[in-house]
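Novice: just coords:
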Ligand code: SF4
């Protein structure tokens, strides 16, 4: 989501599932919604069946999504920057972009500061010693007021730099990199090019096939740039639609179970920020255009202070900067791979896992198991045993050699507790407790509250290191050992401390300590009148419940922020407030007010040439074609995966991105990367409809439907190797191996990449040494590399090198 | 659809029948059978625990004579603008996730080097874990870094969680972990 935040100001699926049916063209990249999100996929099909939308599916594998797509494009895994880059080039060089939209709603005309350069695969500002770019150098030229200079015709205008950058992505080059035949690519480009017309709209649907790469952030950003050029952001049927894979990933991201943020996407403070002012200085965006609303930047302080007031209560006062010092300030990245890297270095003592199994999900499982063995203690909270709770006796492991103390705490299921899930379309929906907890199982949040209070009691009686935040953290629940989720929902919403009343909107949040809000983007979901996520005005009465006729269903559950169903919807109407396409209005200025969706704009502010600009979350007031909020370049560039069978055709000397984070190398551990000489085939991992990650290994029906691990082998390669369907094969990478059955398939074909034939092998991920079918000892992630992308440190699961042999 | 590869068998009371690219519809005959089964049952609203489409579920429960609540059936909620009553194979079988003999029945403890689990009480695990958390926090807490910045962080404990957390639980987890000073915090979004 780094990429969307860097481009639009915040990161989330911009539209919602049902809205996809308004599209004319649907580009699906790095996703297989027909299998991974079957019911969400119905809305793509509805677009196709009801309005003749076309679906173009670009994927290494011919999947069920491909089967119903109008065009299936076989693309080499992880080369989507080249694909989107080629489309950007087509749109720019043929002037097919939505000119009015681009001028008004993007930073196309902003002039980039002198010194910007891109040469031989490198942007300016690289610090060789640290292995990072100085992203601050990628800035705008400013005038005396600190506003950006704007001149679309300037040679260093964003639009001109963009055009120059992507001119290299001509159809031949795209074909050489991606393996897509030139003619097919040109046909796709022609269809995409038509979507720049105001009466056309395209959506991009993607999933972990784009994020799970060392260039993941840029893969997504290249799609976002294309969408901006076509004028499709903010519009019904448009957007960048990230499909979240788990029921509540979105909610848990919003509430910041993530090292780098606090709830509501506030940045975690960094060392050296001595107080709130210094923090804001580096975190909140500044206004770079006189007509920018800069909503987030301007209100950042209110949200932070309201959060601190919520967490530290009476201990948060004006005099102590609302206990700003209590917030931990991380020294460095502390995300997934970093946790296990620290454990490998012997610096991590304890890990708590709840509903996640480190052993199976992380890259390089064998190394992760070594990391777990280095811990003093490991606590697993889960309804079932997992490969993490059982890691100390995994096949081939001698328990006597593992000194980790392990706790397995039986947790309740989702259905044994209430609370809300926020779906990928940002709809927060409440669920009821259907069943009481089974046996001795306890709710995760009760376990955590109890543990916290016991730790607090230890600090009270024995003292210890900096006990203040532990002692002062507010636990204002009827029973602090067993907080009700309803109470927490109210805490998240926030209240006015002077009246005691819950707030109806985040506009009322203050920066003087008189309001609370656990997560400002959810303020308004639980106002005085009640919990709006429980609302159920659904499809039984469309006339009443969907007054706009656009499928927004504003009275079904609640959507953040402010019950808005489409993010950035101000951009769905032109400068004067008229929908670009009257047939598919998002919002419209009618009779002195905005009608339609909840406007993503000051609600009573009218349109017009002097009105505030449409993207209110950025300091520029517009969306960013050029962005310095990305660690590996202001424009997306194609880089090869760290393990690749070919050198980068664009700049062989700088084949992979220079800023991918190579954990082993940085820690001084031996390299765990393979070369094409030893591991000649590209592998990619993926999911199956009948399973979801590893938990479904405990569900009989689903195990019956997909009982056994397998790998998909392209028919040509199978012939070369004498492999037939059902044969046992060994697939190995530099890091580990799987011994599984082969399914020989035409779904994966050979690709012509830079004049060479490249084979890809497909590896479903769901099995392991725990579950109903324990015959499946092998973890797919034994093969994947321990490397993270520069901005988000997302692991590379989708492109790595393997060898395969029949056994 | 390659029905032959997956063989959608009618198994148990649920019956995973029929199918289309758009989701699953229960056939009328099975609907009648189920109507009898759920007569007089309590209806509750839930959500699918799997992917983030957010399909709404209706769950039917009955109190058994022994006081236990029995989950009879789960089906798609026809009112939902997200799924309009349909479910995919995962959602349609979520009953088997909800009610499973494979659950871990009580807290388990594995001492360093031990070859087996020991069954323990909640009291034991919570006490011992609280002790571990405090010890590790004290041992790895940094109040000031080398440059003299106030950083107040616990470096040696990591928390990862959330795939099936309700939002409110996730929020509380964040609050408590930050309260302890943790910097290593992660959930399913990245992996
Ligand atoms: S029923 Fe299927 S599509 Fe719907 S939320 Fe569950 S897993 Fe996703």
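Specialist: Everything's here; your move. What you see is a predicted model, and the numbers here were worked out from it, not measured in a lab.

Novice: Report how many residues lie close to whatever residue of the stretch 51-200 of chain A ends up closest to chain B.
Specialist: The minimum distance from the stretch 51-200 of chain A to chain B, using Cβ to the nearest Cβ, falls at residue A:68 (6.1 Å). Just so you know, the C-beta spots here come from the backbone N, C-alpha and C atoms, and that holds for glycine as well. By the measure other Cβ atoms under 10 Å in any protein chain shown, the count of residues near residue A:68 is 16.

Novice: which residues touch the spatially closest residue to residue A:158 that is not a sequence neighbour?
Specialist: Spatially, and ignoring its direct neighbours in sequence, residue A:158 is nearest to residue A:626 (4.3 Å; Cβ to Cβ, 6 or more residues apart in numbering or on different chains). Residue A:626 sits next to A:107, A:110, A:112, A:138, A:158, A:161, A:162, A:634, A:635 when contact means Cβ atoms under 8 Å, 6 or more residues apart in numbering or on different chains.

Novice: need the contact list for the third one.
Specialist: Meaning residue A:112. Counting by Cβ under 8 Å, 6+ apart, residue A:112 touches A:138, A:139, A:140, A:141, A:156, A:157, A:158, A:161, A:626, A:634.

Novice: Look up which residues are beta-bridged to it.
Specialist: Legend: beta-bridge partners of residue A:112 under DSSP bridges are residue A:140.

Novice: picking that back up, give me the distance between the residue of the stretch 51-200 of chain A closest to chain B and residue A:33.
Specialist: With distances taken as Cβ to Cβ, to the nearest Å, residue A:68 is found 10 Å from residue A:33.

Novice: again, but for residue A:304
Specialist: Applying Cβ to Cβ to residue A:304 and residue A:33 gives a distance of 37 Å.

Novice: the more surrounded of these two?
Specialist: Just comparing residue A:304 and residue A:33: by other Cβ under 10 Å the higher neighbour count belongs to residue A:33, 30 against 25.

Novice: Which pLDDT value goes with the more buried one?
Specialist: Residue A:33 carries a pLDDT score of 95 in this model.

Novice: Wait, it touches residue A:42, no?
Specialist: No - Residue A:33 is beyond contact range of residue A:42, at 9.6 Å (criterion: Cβ atoms under 8 Å).

Novice: one step back: dump the contacts of residue A:626 into a markdown table; add pLDDT and secondary structure as well.
Specialist: Formatted as a markdown table, those follow (pLDDT from 0 to 100; DSSP: H, G, I helix; E, B strand; the rest coil):
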| residue | pLDDT | secondary structure |
| --- | --- | --- |
| A:107 | 97 | coil |
| A:110 | 98 | strand |
| A:112 | 98 | strand |
| A:138 | 97 | coil |
| A:158 | 98 | helix |
| A:161 | 98 | helix |
| A:162 | 98 | helix |
| A:634 | 97 | coil |
| A:635 | 97 | coil |
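
Novice: Which of those residues are buried? Put it as a PyMOL command.
Specialist: Buried residues among the contacts of residue A:626 (16 or more other Cβ atoms under 10 Å in any protein chain shown), as a PyMOL selection:
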select buried, chain A and resi 107+110+112+138+158+161+162+634+635
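
Novice: Throw the contacts of residue A:626 into TSV and include distance to residue A:132, thanks.
Specialist: Shown next, in TSV, are the contacts of residue A:626 (distance: Cβ to Cβ, whole Å):
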residue	distance to residue A:132
A:107	24
A:110	24
A:112	20
A:138	13
A:158	23
A:161	22
A:162	23
A:634	14
A:635	17
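
Novice: which one of the contacts of residue A:626 sits closest to the ligand?
Specialist: The closest of the contacts of residue A:626 to the ligand turns out to be residue A:635 (Cβ to the nearest ligand atom; 34.7 Å).

Novice: Now the closest one: closest residue in space that isn't a chain neighbour?
Specialist: Nearest residue to residue A:635, sequence neighbours excluded (Cβ to Cβ, 6+ apart): residue A:165, at 4.8 Å.

Novice: After whichever strand or helix holds residue A:589, which helix or strand is next?
Specialist: Per DSSP states H and E: residue A:589 is located in strand A:587-590. Next in sequence after strand A:587-590, counting helices and strands by DSSP H and E, comes strand A:593-596.

Novice: outside of that following strand, which residues touch it?
Specialist: Contacts for strand A:593-596 (Cβ under 8 Å, 6+ apart): A:548, A:550, A:552, A:569, A:577, A:585-589, A:601, A:603-604.

Novice: Drop anything exposed from these.
Specialist: A:548, A:550, A:552, A:569, A:577, A:585, A:586, A:587, A:588, A:589, A:601.

Novice: Looks like the last one contacts residue A:617 (just checking).
Specialist: No - between residue A:601 and residue A:617 there is no contact under Cβ under 8 Å: 10.9 Å.

Novice: Number of residues surrounding the closest residue to the ligand within chain B?
Specialist: The ligand sits closest to residue B:91 of chain B, with a gap of 2.4 Å, by Cβ to the nearest ligand atom. Each residue near residue B:91 was counted by other Cβ under 10 Å, and the total is 26.

Novice: quick one: secondary structure of it?
Specialist: Assigned by DSSP: H, G, I helix; E, B strand; the rest coil, the conformation of residue B:91 is helix.

Novice: Counting neighbours, what do you get for the closest residue in space to it that isn't next to it in sequence?
Specialist: Nearest residue to residue B:91, sequence neighbours excluded (Cβ to Cβ, 6+ apart): residue B:48, at 4.2 Å. By the measure other Cβ under 10 Å, the count of residues near residue B:48 is 30.

Novice: Can you classify the residue nearest the centre of chain B by secondary structure?
Specialist: By Cα atoms, centre = their mean, chain B has its centre lying nearest to residue B:164, at 4.0 Å. Under the three-state scheme (three-state DSSP), residue B:164 adopts coil.

Novice: Check the spacing between it and residue A:355 real quick.
Specialist: Look at residue B:164 and residue A:355: by Cβ to Cβ, they are 5 Å apart.

Novice: what's the residue nearest to residue A:158 sitting at in phi/psi?
Specialist: The phi and psi values for residue A:626, taken as degrees, to the nearest 10, are phi -110, psi 130.

Novice: And it, what's its pLDDT?
Specialist: Per-residue pLDDT puts residue A:626 at 98.

Novice: Please report the distance of it from residue A:102.
Specialist: Remark: distance between residue A:626 and residue A:102 (Cβ to Cβ) = 13 Å.

Novice: Residue A:416 now?
Specialist: According to Cβ to Cβ, residue A:416 and residue A:102 sit 51 Å apart.

Novice: of the two, who's got more company?
Specialist: residue A:102 (25 against 19).

Novice: Give me the pLDDT for the more buried one.
Specialist: 98.

Novice: what do you get for the one 3 residues further on?
Specialist: Confidence per residue is given as pLDDT, and for residue A:105 that number is 98.

Novice: same deal with residue B:32?
Specialist: Note on residue B:32: pLDDT of 68.

Novice: Over to residue A:9?
Specialist: So residue A:9 comes in at 85 (pLDDT).

Novice: give me phi/psi at it?
Specialist: phi 110, psi -20.
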